[in-house]
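J.: make a model of this:
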Amino acid sequence: MMTNYPVTPVRLSKNDLELIDYLIKRGEFKNRSEFIRFAIKLTLIKFIEKIASESFMNNSNSPVTQKDLEYFKKMAKEFESLIMRK
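T.: Next up is the predicted model:
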């Protein structure tokens, strides 16, 4: 099933591309786009988790709302299922 995603050009080093291509050849990812989406989701989840934990540990006015946390949980579940397919 092909989903229409907005196109965002990305510049990567030759070494990074070679490593990504190696993972693709091993069958870890279908193509570069799949790897990049995977890497971005992982990074976003890590930052959301970091921001949420810092906000609640400091008992400050959290920039992360309950809706944000629910979205994070949903994304984490989707990400886990993606990892389990690998």
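
J.: ok, the residue positioned nearest the centre of the chain to residue 31 distance?
T.: With distances taken as CA atoms, centre = their mean, the residue of the chain nearest its centroid is residue 41 (0.9 Å). Plainly put, residue 41 is 16 Å away from residue 31 if you go by CB to CB, to the nearest Å. C-betas here are computed from N, CA, C, even on glycine.

J.: contacts for the worst-scoring helix or strand of the chain on mean pLDDT?
T.: Lowest mean confidence among the helices and strands of the chain (mean pLDDT, DSSP states H and E): helix 66-85, at a mean of 72. Helix 66-85 is touched from outside by 38, 41-42, 44-45, 48-49, 52, with contacts defined as CB atoms under 8 Å, 6 or more residues apart in numbering.

J.: for the longest helix along the chain, which helices and strands make contact with it?
T.: The helix spanning the most residues in the chain, taking DSSP state H as the definition, is helix 32-57. Contacting helix 32-57 under the criterion 3 or more CB pairs under 8 Å, 6 or more residues apart in numbering; DSSP states H and E are the following elements: helix 14-25, helix 66-85.
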